[in-house]
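Participant: here are the coordinates; sequence isn't available:
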């Protein structure tokens, strides 16, 4: 019995030692390169969900309520996209919508209600009709019980994908979101990029969204980075189960691994060993923010200090919902904010920290 316990204990110790060495991050090569931020919707907004009592009937357009703006930009607008690029965004995320006449505009919502003075589906309007609308019309802040519309009448216009593709600098990269399974949307996006003379593979652009759409994009642009969020999370879950063996699951190979900020410690060999394994299997690694998200969506980091929770050797991608603050925290030399913007941004950060 004693001999059995001895040999059993020795075998257990050897197994632990083998696993430790196999998955020891410090024994892996130090990854080359630096982390790269993806600016969700370029320069985004901080929404302010209203609080209701049990007897309140919420206004459907309360979803357009925001905190006091920290800058003049709106998501998916030409100015916001150009600003996010100048501030160091590696990829600028945009949301294409198909118009009634087959054009592609950039707008985060499929419906016009609440965010513009228009009504109905974006797809039911022509490009001329959409660009005549005020894209900042509906966003409001609640000040002493009154609604204030800081972006209304400021000239915000929905740009086309082609306009943006031609306006951005040569080195700028786009992350194009295709959330629906509508093949017409993907084909129109491809057509718009071609008409603008933009080769996504050559420019280093990327796509994410519906799984069938991503398959179509990869077929059109061999070698492009195109992923589905749920498939990327499945890669992470499978690796958490089997990564201790030092293998990369088939669900990961040639794909994407999506890691929540608060799940990093669950992954075998994180960071350096895991990075080496995924590189060998041609897997892109993307870190998202903490917390649950709606299916198909990606949670972004919202505070600069969350960047410090990611190991210094990480050289993959980071999804940010607050590029205006997190880009300067990582690459200070591109910080072109004026003092008024910095003060407003600091107030927004303090509020967000207090709410955690």
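Facilitator: Perfect, thanks for sending it. Quick caveat: nothing in here was measured; it's all calculated off a predicted structure.

Participant: what about this protein, any weak spots by pLDDT?
Facilitator: The chain contains residues with pLDDT under 70 at 1-22, 26, 292.

Participant: and the helices in it?
Facilitator: 2-22, 78-86, 127-131, 161-167, 183-195, 200-203, 211-220, 229-242, 272-280, 323-330, 339-355 (DSSP state H).

Participant: for those, which one sits closest to residue 38?
Facilitator: Taking CB to CB, helix 323-330 is the member of those nearest to residue 38, at 8.6 Å. Yep, even glycine has a C-beta here, placed from its N, CA and C like the rest.

Participant: give me the contacts around the closest one.
Facilitator: 35, 37, 39-40, 42-44, 70-71, 73, 84, 87-89, 301-304, 306-307, 318, 320, 334-335, 337, 341, 345, 348-349 (CB atoms under 8 Å, 6 or more residues apart in numbering).

Participant: show me which of those are buried.
Facilitator: 35, 37, 39-40, 42-44, 70-71, 73, 84, 87-89, 301-304, 306-307, 318, 320, 335, 337, 341, 345, 348-349 (16 or more other CB atoms under 10 Å).

Participant: which of the residues you listed fall within strands?
Facilitator: 37, 39, 318, 320 (DSSP state E).

Participant: tell me the two of those residues that are most distant?
Facilitator: 39 and 318 (10.1 Å).

Participant: any idea how many residues pack against the residue nearest to residue 208 when sequence neighbours are not counted?
Facilitator: Distance criterion CB to CB, 6 or more residues apart in numbering; nearest residue to residue 208, sequence neighbours excluded, is residue 227 at 5.2 Å. Residue 227: 23 surrounding residues under other CB atoms under 10 Å.

Participant: again with residue 206
Facilitator: 24.

Participant: how close does it sit to residue 173?
Facilitator: Residue 206 sits 7 Å away from residue 173, going by CB to CB, to the nearest Å.

Participant: mind listing the shared neighbours of those two?
Facilitator: Each of residue 91 lies in contact with both residue 206 and residue 173 under the rule CB under 8 Å, 6+ apart.

Participant: need the contact list for the closest residue to residue 97 other than its chain neighbours.
Facilitator: Spatial nearest neighbour of residue 97, excluding adjacent residues (CB to CB, 6+ apart): residue 122 at 4.4 Å. Residues near residue 122 by CB under 8 Å, 6+ apart: 97, 98, 99, 105, 107, 109, 110, 111, 112, 130.

Participant: can you list which of those residues are found in strands?
Facilitator: Using DSSP E, these in strands are 97, 98, 105.

Participant: just the residues you listed now: which is nearest residue 201?
Facilitator: residue 98 (22.8 Å).

Participant: thought the closest one was touching residue 123?
Facilitator: Yes - between residue 98 and residue 123 a contact is recorded at 5.4 Å, counting by CB atoms under 8 Å.

Participant: the closest residue to residue 179 other than its chain neighbours and residue 114, how far apart?
Facilitator: Closest residue to residue 179 apart from its sequence neighbours, by CB to CB, 6+ apart: residue 209 at 4.9 Å. Relative to residue 114, residue 209 is positioned 23 Å away (CB to CB).

Participant: next: residue 347.
Facilitator: Relative to residue 114, and taking CB to CB, residue 347 is found at 26 Å.
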